[in-house]
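Asks: Okay, structure incoming, though there's no sequence with it:
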């Protein structure tokens with residue numbers, strides 16, 4: 001079976017799952033869409049936060065009421081002690097600034113709203129949350145590391161005395177793109193992390209809540225890097241405009257209860273070549289399933305990494321760039337499409353029509369090939385004249401994947417088809 005996975009940047013934050021209710025009987029209004037810096041319950045807030053919310057009717061006929069004033073209460077999430085309560089004098093409900101005591105790095109906070117309406121009703125919200133970033137450059141203990149162009153998998157192991165921590169945060173910047181796993185599990189559903197920037201001026205990092213993935217005893221952290229918008233990669237190159245001759249590089253810091261327990265450094269991380277033997281945002285990727293099989297469980301504890309070598313210190317213009325938290329929605333899988341029709345273009349080649357232009361990746365499943373078989377996916381925008389032939393497809397050389405080996409399922413990791421209604425195998 002073949003499906004198409006759409007990847008889009010979500011432009012709107014998720015709303016709260018339930019309304020806050022009035023403290024009077026016969027509630028007519030509630031509070032929804034609680035956001036901090038336009039995001040719902042964000043982590044990695046590296047600016048003085050601004051709060052937004054909506055007072056909405058929850059019963060029919062409730063209208064004609066406006067917000068007279070609101071009070072915001074911010075508390076420490078761990079012990080619920082109140083940190084700041086805004087004086088209820090303003091009727092603002094959008095980007096209300098925090099003006100309380102100085103927030104500290106890598107801390108978790110909760111917040112709630114009480115809005116007084118023009119008819120005297122007081123509407124209280126559910127509890128929202130946010131977490132701060134590493135607010136001072138001195139908080140970063142990690143250093144930039146790389147495996148150069150030949151080794152794009154990086155791993156380390158560490159031990160913890162116990163599990164069940166109330167919070168643990170993984171701060172990571174991996175350029176151009178990165179995918180991170182903790183104890184064999186992806187820490188996020190985001191794709192193509194962590195967003196484009198002028199890497200010599202600003203590099204975005206992401207904060208992840210990884211407390212539930214941590215274990216007592218040995219733990220393993222693994223990161224896969226791709227060229228993305230940053231690196232030209234080895235010859236023949238990624239073809240990205242303004243790409244750097246420097247290889248992909250990584251900066252990562254894992255904190256438990258605000259204390260660093262893992263940092264990226266050449267002394268504690270190892271690197272190895274991975275199954276993605278070529279990658280380009282425009283030109284696609286080459287994936288060797290034979291290498292992937294040999295490296296199965298590479299991001300778990302107990303993996304034999306004796307053939308891996310030590311990471312090296314990265315030295316590039318990105319090292320001196322400003323680190324900024326990614327306070328915008330990531331690229332995510334939003335929808336899945338199946339082909340409208342399939343035709344044989346020629347022996348050994350099929351054309352699949354997904355029916356519309358979109359940005360996304362192909363997902364193959366149920367694929368059974370002998371080891372060493374090469375499967376090529378090519379993407380095109382136009383199908384000129386049926387019945388299809390290779391000449392029918394408008395070439396889109398910037399979106400092609402090659403798969404080699406025995407594989408049951410596949411989807412590109414660090415590339416995507418900018419226009420992906422049709423492809424060939």
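Replies: Right, received. Where do you want to start? Predicted, not measured: the structure shown is a model, and the values here were computed from it. Numbering: from 1, shown residues only.

Asks: ranges for the strands of the stretch 201-350 of the chain?
Replies: Secondary structure of the stretch 201-350 of the chain (DSSP state E, counting those that start in this stretch): strands at 202-209, 217-226, 249-256, 259-263, 270-272, 276-280, 284-288, 309-310, 312-313, 322-325, 331-337, 341-346, 349-353.

Asks: where among those strands is the average confidence lowest?
Replies: When the strands of the stretch 201-350 of the chain are compared on average pLDDT, strand 341-346 comes out lowest at a mean of 78.

Asks: and residue 107, what does it touch?
Replies: By CB atoms under 8 Å, 6 or more residues apart in numbering, the contact set of residue 107 is 76-77, 131-132, 258. In this view, the C-beta of every residue, glycine as well, is placed from N, C-alpha and C.

Asks: same thing with residue 191?
Replies: Residues near residue 191 by CB under 8 Å, 6+ apart: 7, 330-333.

Asks: picking that back up, now the strands of the stretch 201-350 of the chain in TSV, with distance to residue 89 and mean neighbour count?
Replies: Shown next, in TSV, are the strands of the stretch 201-350 of the chain (distance: least, CB to CB, whole Å; neighbours: other CB atoms under 10 Å):
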stretch	distance to residue 89	mean neighbour count
strand 202-209	33	21
strand 217-226	47	22
strand 249-256	37	24
strand 259-263	39	17
strand 270-272	56	21
strand 276-280	54	22
strand 284-288	56	22
strand 309-310	59	12
strand 312-313	53	14
strand 322-325	31	17
strand 331-337	39	14
strand 341-346	63	13
strand 349-353	60	18
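
Asks: Would you mind giving those as JSON lines with distance to residue 237 added?
Replies: Listed next are the strands of the stretch 201-350 of the chain as JSON lines, based on distance: least, CB to CB, whole Å:
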{"stretch": "strand 202-209", "distance to residue 237": "22"}
{"stretch": "strand 217-226", "distance to residue 237": "14"}
{"stretch": "strand 249-256", "distance to residue 237": "17"}
{"stretch": "strand 259-263", "distance to residue 237": "32"}
{"stretch": "strand 270-272", "distance to residue 237": "21"}
{"stretch": "strand 276-280", "distance to residue 237": "8"}
{"stretch": "strand 284-288", "distance to residue 237": "14"}
{"stretch": "strand 309-310", "distance to residue 237": "24"}
{"stretch": "strand 312-313", "distance to residue 237": "21"}
{"stretch": "strand 322-325", "distance to residue 237": "27"}
{"stretch": "strand 331-337", "distance to residue 237": "24"}
{"stretch": "strand 341-346", "distance to residue 237": "30"}
{"stretch": "strand 349-353", "distance to residue 237": "28"}
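
Asks: Compare those and give me the one nearest residue 176.
Replies: Closest to residue 176 of these is strand 217-226 (CB to CB; 5.8 Å).

Asks: chain center to that closest one: distance?
Replies: 16 Å (CA atoms, centre = their mean, to the nearest Å).

Asks: Compute the inter-axis angle for that strand and strand 249-256.
Replies: Put simply, strand 217-226 runs at 150 degrees to strand 249-256, going by axes from the mean of the first three to the mean of the last three CA atoms, to 10 degrees.

Asks: Sheet partners, orientation included, of strand 217-226?
Replies: Within its sheet, strand 217-226 is paired with strand 153-160 (antiparallel), strand 177-182 (antiparallel), according to DSSP bridges.

Asks: residues in contact with the longest one?
Replies: Outside strand 153-160, the residues within contact range by CB under 8 Å, 6+ apart are 145, 147, 214-225, 250, 254, 256, 261-262, 264, 268-274, 295, 298-299, 301, 303, 305, 308, 311.

Asks: Taking strand 259-263 as reference, get the angle to it.
Replies: Using the same axes, to 10 degrees: strand 153-160 against strand 259-263 is 140 degrees.

Asks: Apart from its chain neighbours, what residue comes closest to residue 128?
Replies: residue 34 (4.4 Å; CB to CB, 6 or more residues apart in numbering).

Asks: List the residues that contact that neighbour.
Replies: Residue 34 is in contact with 16, 40, 51-53, 111, 113, 125-126, 128, counting by CB under 8 Å, 6+ apart.

Asks: From those residues, which land in strands?
Replies: Judged by DSSP state E, the contacts of residue 34 include 51-53, 111, 113, 128 as members of strands.

Asks: can you put those in JSON lines and add pLDDT, distance to residue 208 and neighbour count?
Replies: Shown next, in JSON lines, are the ones in strands among the contacts of residue 34 (pLDDT from 0 to 100; distance: CB to CB, whole Å; neighbours: other CB atoms under 10 Å):
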{"residue": "51", "pLDDT": "97", "distance to residue 208": "23", "neighbour count": "23"}
{"residue": "52", "pLDDT": "96", "distance to residue 208": "24", "neighbour count": "18"}
{"residue": "53", "pLDDT": "95", "distance to residue 208": "25", "neighbour count": "25"}
{"residue": "111", "pLDDT": "97", "distance to residue 208": "21", "neighbour count": "24"}
{"residue": "113", "pLDDT": "95", "distance to residue 208": "27", "neighbour count": "24"}
{"residue": "128", "pLDDT": "97", "distance to residue 208": "19", "neighbour count": "22"}
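
Asks: Could you work out the most separated pair of those residues?
Replies: The widest separation within these (CB to CB) is 11.2 Å, between 52 and 111.

Asks: shared neighbours of the two, anything?
Replies: Contacts common to residue 52 and residue 111, judged by CB under 8 Å, 6+ apart, are 34, 36.

Asks: isn't residue 207 right up against residue 131?
Replies: Yes. Between residue 207 and residue 131 there is a contact under CB atoms under 8 Å: 6.6 Å.

Asks: Now for the two: what residues contact both?
Replies: 43-44, 169.

Asks: of all those residues, which comes closest to residue 185?
Replies: For these, the residue nearest residue 185 by CB to CB is residue 169; the value is 16.1 Å.

Asks: Over to the closest residue to residue 328 other than its chain neighbours. Which of the three states is it?
Replies: Excluding the flanking residues, the one nearest residue 328 by CB to CB, 6+ apart is residue 195, at 6.9 Å. Secondary structure, DSSP: H, G, I helix; E, B strand; the rest coil: residue 195 is coil.

Asks: List the residues that contact residue 195.
Replies: Listed by CB under 8 Å, 6+ apart, the contact partners of residue 195 are 204, 326, 328, 330.

Asks: cutoff 10 Å now
Replies: Listed by CB atoms under 10 Å, 6 or more residues apart in numbering, the contact set of residue 195 reads 9, 175, 177, 202-206, 228-229, 324, 326, 328-331.

Asks: Roughly how far does the residue nearest to residue 286 when sequence neighbours are not counted sit from residue 359?
Replies: Nearest residue to residue 286, sequence neighbours excluded (CB to CB, 6+ apart): residue 278, at 4.1 Å. Separation of residue 278 from residue 359 (CB to CB, to the nearest Å): 21 Å.

Asks: Understood, closing this out.
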